[in-house]
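Student: Quick one, what's the 3D model for this:
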Amino acid sequence: MGHMDHAAFGWLTPVLSYAMACTGSALGLRCTVRALDATGRSRRNWLLTAASAIGTGIWTMHFVAMLGFGVTGTEIRYDVPWTIFSLLVAMAVVGAGLFAVAYGRDRRRALVLGGLTAGFGIVSMHYLGMAALRLHGRVRYDPALVVLSVVIGVIAATAALWAALSIRSPAAVAVASLVMGGAVSSMHYTGMAAVSVRVSPSGDALSGATAMQFIFPLAVGLGSYLFLTAAFVALSPMPGRTEASVPARRPAEGVAR
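Tutor: Numbering: from 1, shown residues only. Just a heads-up that it's a prediction; the model follows:
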């Protein structure tokens, strides 16, 4: 049985991964709030942005945390196609949950369906990311902890969607994103607690890329995407403010005439 280290760099990777989960959650919630206040193509675009933000934040959280993961007696590499696939699945399934909530007629039913869908998207991303792991040995999972991680993921997603439907103020969204970030991190480390590795020493070269060759550059790129998208959302005027400003100009124009 190989000894596993989940924080090879100390508190750096857990704290940084939590920060990425909170950032993605906050951005996704803000975009969802904008979507619910919009109609037509604008609503669709805001929902797509929300899905990409939440999916990116969750993916980055997972693999930043994995930068601190190590197993004695074996190297660790990552299968590149599987890793990218896990990101795409996270965006697609979370997006499906957001669309279910935004366009559902029955709010309660839409929330349950959206929470289940988005929650399974979060969990799928985690375990697809783990499927990308390449090492000398066999990875096994404790079924009870796997189920617990799924429950945490679904609760986290449902709570986030409820917040998007019920909360409008930026301060409340910030608090909700901190809670969701904590729930996503808890899901990750619960899933990792379910892992055990039986090392089979071998001189054969492992396929795939190391974390620093692939995961780190991609995580930096996606983190930059979250930052730029957050800046765009922050600078975009709220629809209500734009509409309110139009009548305010008309009296002034009439006086000038």
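Student: Find the nearest non-adjacent residue to T72, please.
Tutor: H3 (4.5 Å; Cβ to Cβ, 6 or more residues apart in numbering). Just so you know, the C-beta spots here come from the backbone N, C-alpha and C atoms, and that holds for glycine as well.
Student: Neighbours of that neighbour, how many?
Tutor: Residues near H3, counting by other Cβ atoms under 10 Å, number 10.
Student: R140: helix or strand, and which one exactly?
Tutor: Using DSSP states H and E, R140 sits within strand 137-141.
Student: Quick check: buried residues in that strand?
Tutor: Of the residues in strand 137-141, G137 count as buried by neighbour count, 16 or more other Cβ atoms under 10 Å.
Student: can you give me the mean pLDDT across it?
Tutor: Across strand 137-141, the average pLDDT comes to 90.
Student: contacts for that strand?
Tutor: With contact meaning Cβ atoms under 8 Å, 6 or more residues apart in numbering, strand 137-141 is reached by 2, 71, 73-74, 130, 133, 194-200.
Student: strand partners of that strand, parallel vs antiparallel please.
Tutor: Strand 137-141 sits in its sheet next to strand 195-199 (antiparallel), going by DSSP bridges.
Student: Beyond the partner strand, next helix or strand please.
Tutor: Proceeding N to C from strand 195-199, the next assigned helix or strand is helix 216-235, under DSSP H and E.
Student: Now do that following helix: which elements does it pack against?
Tutor: With contacts defined as 3 or more Cβ pairs under 8 Å, 6 or more residues apart in numbering; DSSP states H and E, helix 216-235 has these neighbours: helix 12-36, helix 40-66.
Student: Tabulate those helices in a markdown table, adding columns for distance to A176.
Tutor: Shown next, in a markdown table, are the helices and strands packed on helix 216-235 (distance: least, Cβ to Cβ, whole Å):
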| stretch | distance to A176 |
| --- | --- |
| helix 12-36 | 6 |
| helix 40-66 | 12 |
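Student: could the ones you listed be laid out in JSON lines, adding mean neighbour count, distance to A219 and mean pLDDT?
Tutor: Output for the helices and strands packed on helix 216-235, formatted as JSON lines (neighbours: other Cβ atoms under 10 Å; distance: least, Cβ to Cβ, whole Å; pLDDT from 0 to 100):
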{"stretch": "helix 12-36", "mean neighbour count": "23", "distance to A219": "8", "mean pLDDT": "86"}
{"stretch": "helix 40-66", "mean neighbour count": "23", "distance to A219": "5", "mean pLDDT": "88"}
